[in-house]
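with the sequence up front, the predicted model follows.
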Amino acid sequence: MTRTDTGRATPAQLDLILTTRRDESDEDTAATDAEILAHVRNTLTLPGQGTPGGSPVTDDGTDYAAALIAFLSPAANADAMLATIESLHQQVWAAAPVLTVETVTDDGETYQALRCPVCARLVSDGGELRAVDVSTRWSSAEPDVENRQMDVTAGDHDYSGTLYYVHWTGEAHAVVPPEGWSESWL
C-alpha cells in the first residue's frame, strides 16, 4: 500500500479538495482519491512558487484555498521538529531577562542579592527560583520483538544544562543568572 503525501492537510481539508475537484472537473468524477491528489500536487504550487507546469494557488481566503495550501505544504518531519526544539531552547535563554546583582542593606546588615527585572523583587524576599532543564533523557532501549515491546533502562540523569530559571511570585516569569555565573547541581 502506497501512502499518499497529504502535507499538512486535515482529513476535512482533504475531503474538501476531493469533493470540490469532483464537482468542478468531469475528469475527476471517476478518478480515485490518490489520482486526484496526485494531479493537484503535480499541477498546483504554493502561492508565490509557480513552476513550469505548476500554477500557484491563489490565497483568496476561502476554505478551499486554505485546504490546497495545507495539502501542498510539506509535513513537518521529526528531525526538523527536533532542530526547532533545540533552536527554541537557545532562544528562551537569549530572550529571558537577566537577574541583577545589587547590594542590599536591611536592618543594618549589608549583603549581595539578586533582583528580578520582571517583578522588581529581590529573589530572596519572595517567591521561588526554579531551574528548568531540558528533561530529555537518553536512555538505552532494546527491542524485545517476541513480546512486542521496548525494554528501556534508566538514563544517567544528565539534565543537559538549564534552559532558563523561573521566578515564581504568584505568576512565573523566565529569568537567567547574571553574566559569568555558573551552576552546580547537587
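Nice, I can see it. Residues are numbered from 1 along each chain as shown.

just the helices in this protein please.
11-24, 33-43, 63-72, 78-95 (DSSP state H).

format the ones you listed as JSON lines; extra columns: mean pLDDT and distance to residue 124.
Glycine gets a C-beta too; all of them are placed from N, C-alpha and C. Putting the helices of the chain into JSON lines (pLDDT from 0 to 100; distance: least, Cβ to Cβ, whole Å) gives the following:
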{"stretch": "helix 11-24", "mean pLDDT": "95", "distance to residue 124": "53"}
{"stretch": "helix 33-43", "mean pLDDT": "91", "distance to residue 124": "60"}
{"stretch": "helix 63-72", "mean pLDDT": "95", "distance to residue 124": "51"}
{"stretch": "helix 78-95", "mean pLDDT": "80", "distance to residue 124": "23"}
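
for residue 54, find the nearest of those helices.
Each of the helices of the chain was scored for nearness to residue 54 using Cβ to Cβ, and the closest is helix 33-43 (6.1 Å).

packing partners of that closest one?
Here helix 33-43 touches helix 11-24, helix 63-72, going by 3 or more Cβ pairs under 8 Å, 6 or more residues apart in numbering; DSSP states H and E.

for stretch 42-51, buried residues please.
44, 45, 46 (16 or more other Cβ atoms under 10 Å).

that stretch: how far from the chain's middle?
With Cα atoms, centre = their mean, to the nearest Å as the basis, stretch 42-51 stands 27 Å off its chain's centre.

between its first and last residues, what's the separation in that stretch?
With Cα to Cα, to the nearest Å as the measure, stretch 42-51 spans 10 Å from end to end.
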